[in-house]
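1. This is a predicted model, with the sequence first.
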Protein chains: 2
Amino acid sequence: MALIVQKFGGSSVANADRVRNVARIITETYRKGHSVVVVLSAQGDTTDDLIEKAQEINRHPSKREMDMLLSSGEQISIALCAMAIEAMGYQVVSLTGWQAGVNTDSAYSVARIKRVQTERIQNELDKKKIVLVAGFQGINKYGDITTLGRGGSDTSAVALAAALHADLCQIYTDVDGVYTADPRLVKGAKKLEEITFDEMLELASLGAQVLHNRSVEMAKRYNVNLEVLSSLTGNPGTKVKEVVKTMEKTHVSGVAKDKNVARLALIGLADEPGTAFKIFSLLAKKNINVDIILQSIGRDESKDISFTVARGDSEEAQKILEENKDYIGFKSMEANNQVAKVSIVGAGMVNNAGVACKMFEALSSAGININMISTSEIKVSVLVDERDADRAVQAIHDRFFNEFGSAN
Amino acid sequence: MALIVQKFGGSSVANADRVRNVARIITETYRKGHSVVVVLSAQGDTTDDLIEKAQEINRHPSKREMDMLLSSGEQISIALCAMAIEAMGYQVVSLTGWQAGVNTDSAYSVARIKRVQTERIQNELDKKKIVLVAGFQGINKYGDITTLGRGGSDTSAVALAAALHADLCQIYTDVDGVYTADPRLVKGAKKLEEITFDEMLELASLGAQVLHNRSVEMAKRYNVNLEVLSSLTGNPGTKVKEVVKTMEKTHVSGVAKDKNVARLALIGLADEPGTAFKIFSLLAKKNINVDIILQSIGRDESKDISFTVARGDSEEAQKILEENKDYIGFKSMEANNQVAKVSIVGAGMVNNAGVACKMFEALSSAGININMISTSEIKVSVLVDERDADRAVQAIHDRFFNEFGSAN
């Protein structure tokens, strides 16, 4: 008699058959005697369709109204899935974000969950109902609907699992686990049985797109047992935990690629303290996240700063920086959207100096030029030209996983 | 500086151009210095599309989940219209039913508004914002979303106008007012400048489909000034009031047709007190409204009762009655969906005995058989075969409005 939170993404509920399939998975879990809380995303392309409708009317709608618009997508999903479960003869209730007590801050379109008031969900579980919750959305202190940003349904699921002290949080996607690289792109990619939160965090933030990184951060913080698995195959998935059994064996657990990257460079900055602060506080104020930062060594009393942002933020970032050109004090700005970030991730990496070297060697052998490098305890990322990205991933994956049939 | 509530139906917001057109009407009103609260329906066929999605998954979904599903349609409309108004440079905020404080009872899919808590709307108006409210929906005491049933957005608009003590409630539709008959069907139909609440009530409940009858009832009870007008033409519409200037001149203000009718007959009932009560309390419990009732004069210690219900309720009504056959005590049941109700409405009618007679004569001349008759102070309705309905309307309209070029 466990409490299990299950999350199904947009492709898992894309049409009536898929919704029925999801209803089957949910009711099978319920029939085993578990309490089940389910988080759903909007169906298939609903969110994109709604964005298109908005764009037809206003190229720059307010984020509040976008959240009002987009949150309808998940509401449709939970109602339809509830109907499918009703048709199978089970007691079920669907709840929007606000009904489920998901309280967020007021940063429309990128809201963060502050607290989940679980009374309503708990009441419904006590009545032996299956509870469906609209993912991706919550309510702020003004009583307005907020959304958590792309991939926010994963975060919804983990937040509910944490607040309800769930025994397990299962994230169902269209892949059946976490792979050493994207299996759709890379020959020889292998499914991992287990992975640590930290590795998963790096993979998520590096564009592996299996789990939203905020959800993994939250799972790590509240020690929520995560499992990533497929709603279509029924195969066992990948478990995400604090410590994994197999950790010592491998140094590198995966190779990831992120094309949602743009590189900006400010040329000819004054070589004095506070310049970086000026740049990045301006961007932070507009909720623009900066990833890799590279500062050239100062010479001739000037320096250059390059950094990467999400591609969707590139235009706004350029605008902000251009408007503050005198305040920051730079000569010129360069922007490049034709880049991609390729990374290797592994908890064992920090103890193995040869890993980064091996990665660079693989790229060099494939004739791929490296623009920027960034490293952490458990990852090495390089920025390459976008057209080289897929070849880079394959080359690195071959080097680490396929030469001798197993990792390293 | 008046407070005006405007309501736009689904066809008025069916696509981006229509939404922009509605935004223009709203902002023009606002620019004149008025406070504006706007109620919107779901776009065009959205509600029907959602119903179809539901039907694919569950032929008999719970009404709670249907309300959860359908209420998303109006949420999409208000967000999109807010974006159009933002694009024109005005301050605007969209509110769902629950955000706007629309409290209803718990009869899912046919909920009635109990109270509108106007604090949030008032706050937004005080900030000089245009306020958009999702029509057709509210929230019940359990914190669940309810819908008001077909045409419920009219009721939302009138309820808001009443609660806010609005000076005027404008109902924008795809016709530019109330006509003596449906102008799409009847040659020579004329637009009325004014009409009384009572006449409008009869017309609405008789299938004129210009205004939802619950909205007119509510407007009458709270004395809300109504105006029906077109969102497309910009012409003056029809004013709906308690007393109208022109009332004395005409006896009949309009002819209406309602095809959403089914006739049920219970044959061979015991001729004893309480039989009618048994039948109609059973139906009332299931929220099935009964319209015309006709009871045959008792002979041979048995009687027959015929009555009409909305076509969509016919099947359920038959089921309920069949299940209670012994309790009610009838021999057999007949059902006929191939009927239509044709009615004339006019506040002056009660003082003019010849009106009903003139109507029957028109039908007789056209060779149309009358199945049932029902009269009130301001209307006469007849039930005819569905295939005769359009001819019946034209014949009656010709008789009252076209013989001498004007009414009567």
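-> All right, it came through fine.
2. Residue A:199 and chain B, how far apart?
-> 38 Å (C-beta to the nearest C-beta, to the nearest Å). Every residue, glycine included, has its C-beta placed from N, CA and C.
3. And the contacts of the one helix or strand that residue maps to?
-> Using DSSP states H and E, residue A:199 falls within helix A:197-203. Residues outside helix A:197-203 that contact it (C-beta atoms under 8 Å, 6 or more residues apart in numbering or on different chains): A:178, A:195, A:210-211, A:213, A:216-217, A:219-220, A:226, A:240-242, A:253-254, A:256, A:343, A:345-347, A:376, A:378-379.
4. Which ones among those map onto helices?
-> A:213, A:216, A:217, A:219, A:220 (DSSP state H).
5. Just send those residues back as CSV, with neighbour count, pLDDT and distance to chain B too.
-> Below are the ones in helices among the contacts of helix A:197-203 laid out as CSV (neighbours: other C-beta atoms under 10 Å in any protein chain shown; pLDDT from 0 to 100; distance: C-beta to the nearest C-beta, whole Å):
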residue, neighbour count, pLDDT, distance to chain B
A:213, 18, 78, 28
A:216, 29, 88, 30
A:217, 17, 87, 30
A:219, 28, 93, 28
A:220, 19, 92, 33
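6. what residues does the stretch 201-350 of chain A put near chain B?
-> When proximity is defined by C-beta under 8 Å from any C-beta of the partner chain, the stretch 201-350 of chain A lies next to chain B nowhere.
7. Tell me where the stretch 201-350 of chain A has helices.
-> Assigned by DSSP state H, counting those that start in this stretch, the stretch 201-350 of chain A shows helices spanning A:213-222, A:275-285, A:311-323, A:325-328.
8. Nearest to residue B:184 among these would be which one?
-> With distances scored as C-beta to C-beta, the stretch of the helices of the stretch 201-350 of chain A nearest to residue B:184 is helix A:311-323 (47.6 Å).
9. Double-check residue A:148 against residue A:114; I have them as touching.
-> No. At 11.6 Å, residue A:148 does not count as touching residue A:114 under the criterion of C-beta atoms under 8 Å.
10. buried set for the helix or strand that contains residue A:21?
-> Taking DSSP H and E as the criterion, residue A:21 maps to helix A:16-31. Judged by neighbour count using 16 or more other C-beta atoms under 10 Å in any protein chain shown, the buried positions of helix A:16-31 are A:16, A:18, A:19, A:20, A:21, A:22, A:23, A:25, A:26, A:27, A:29, A:30.
11. buried sites along stretch A:134-153?
-> A:134-140, A:144-149, A:151-153.
12. where does chain A dip in pLDDT?
-> A:205, A:207-209, A:244-251, A:297-300, A:348, A:350-353, A:403-408 (pLDDT under 70).
13. Quick check: longest helix in it by residues?
-> helix A:63-87.
14. circling back to that earlier point, now do the shared contacts for residue A:148 and residue A:114.
-> residue A:104.
15. Which of the buried residues of helix A:16-31 sits closest to chain B?
-> Nearest to chain B among the buried residues of helix A:16-31 is residue A:16, at 4.1 Å by C-beta to the nearest C-beta.
16. In this model residue B:56 seems to touch the closest one, though I could be wrong.
-> Yes. Using C-beta under 8 Å, residue A:16 makes contact with residue B:56 at a distance of 4.1 Å.
17. Tell me how far the spatially most central residue of chain A lies from chain B.
-> Centroid check for chain A by C-alpha atoms, centre = their mean gives residue A:212 as the closest residue, at 2.2 Å. Separation of residue A:212 from chain B (C-beta to the nearest C-beta): 23 Å.
18. Spatially nearest residue to that residue, not counting backbone neighbours?
-> Excluding the flanking residues, the one nearest residue A:212 by C-beta to C-beta, 6 or more residues apart in numbering or on different chains is residue A:151, at 3.2 Å.
19. got a list of what that neighbour touches?
-> A:211, A:212, A:214, A:215.
20. From chain B, how far out is residue A:179?
-> Counting by C-beta to the nearest C-beta - residue A:179 and chain B are separated by 32 Å.
21. burial of that residue, as a residue count?
-> 23 (other C-beta atoms under 10 Å in any protein chain shown).
22. mind listing what the nearest residue to it once chain neighbours are set aside touches?
-> Excluding its sequence neighbours, the residue lying closest to residue A:179 (C-beta to C-beta, 6+ apart) is residue A:189, at 4.4 Å. Residue A:189 sits next to A:179, A:180, A:181, A:182, A:183, A:397, A:401 when contact means C-beta under 8 Å, 6+ apart.
23. farthest pair in these?
-> A:182 and A:401 (12.9 Å).
24. contacting residues around the spatially closest residue to residue A:84 that is not a sequence neighbour?
-> Counting by C-beta to C-beta, 6+ apart, residue A:84 lies nearest to residue A:23, which is 3.8 Å off, once chain neighbours are set aside. With contact set as C-beta under 8 Å, 6+ apart, residue A:23 has these partners: A:81, A:84, A:85, A:87, A:88.
25. I'd like to know which of these are buried.
-> A:81, A:84, A:85.
26. which one of those is nearest chain B?
-> residue A:84 (4.9 Å).
27. I figured that closest one hits residue A:19, correct?
-> Yes. At 5.0 Å, residue A:84 counts as touching residue A:19 under the criterion of C-beta under 8 Å.
28. Please report how far the residue lying closest to residue A:279 once chain neighbours are set aside lies from chain B.
-> In space, and not counting its chain neighbours, residue A:279 is closest to residue A:328: 5.9 Å by C-beta to C-beta, 6+ apart. With the distance defined as C-beta to the nearest C-beta, residue A:328 ends up 31 Å from chain B.
29. what about the residue nearest to residue A:295 when sequence neighbours are not counted, neighbour count?
-> Nearest non-adjacent residue to residue A:295, counting by C-beta to C-beta, 6+ apart: residue A:305, 5.1 Å away. Using other C-beta under 10 Å, residue A:305 has 19 other residues around it.
30. just to revisit the earlier point, and the next helix or strand past the helix holding residue A:21?
-> That would be, after helix A:16-31 and using DSSP H and E, strand A:35-40.
31. and that next one, what does it pack onto?
-> Packing partners of strand A:35-40 (3 or more C-beta pairs under 8 Å, 6 or more residues apart in numbering or on different chains; DSSP states H and E): strand A:3-8, helix A:16-31, helix A:63-87, helix A:119-126, strand A:130-134, helix A:152-163.
32. and after it, which helix or strand comes next?
-> Heading C-terminal from strand A:35-40 (DSSP H and E), you reach helix A:46-57.
33. ok, and for that following helix, which residues are buried?
-> So for helix A:46-57, counting by 16+ other C-beta under 10 Å, buried means A:46, A:47, A:50, A:53, A:54, A:56, A:57.
34. Please report how far the first one lies from residue A:149.
-> Shown here: residue A:46 relative to residue A:149, a distance of 16 Å by C-beta to C-beta, to the nearest Å.
35. Pick the most deeply packed of the helices of the stretch 201-350 of chain A.
-> Most buried of the helices of the stretch 201-350 of chain A, by mean neighbour count (mean count of other C-beta atoms under 10 Å in any protein chain shown): helix A:213-222, with a mean of 21.
36. Taking strand A:3-8 as reference, get the angle to it.
-> Angle, helix A:213-222 to strand A:3-8, by axes from the mean of the first three to the mean of the last three C-alpha atoms, to 10 degrees: 170 degrees.
37. what distance separates helix A:213-222 from the middle of the whole chain?
-> Distance of helix A:213-222 from the chain centroid (C-alpha atoms, centre = their mean, to the nearest Å) equals 11 Å.
38. three-state assignment of the closest residue in space to residue A:185 that isn't next to it in sequence?
-> Sequence neighbours aside, residue A:390 is the residue nearest to residue A:185 in space, at 5.9 Å (criterion: C-beta to C-beta, 6+ apart). When classified by DSSP: H, G, I helix; E, B strand; the rest coil, residue A:390 comes out as helix.
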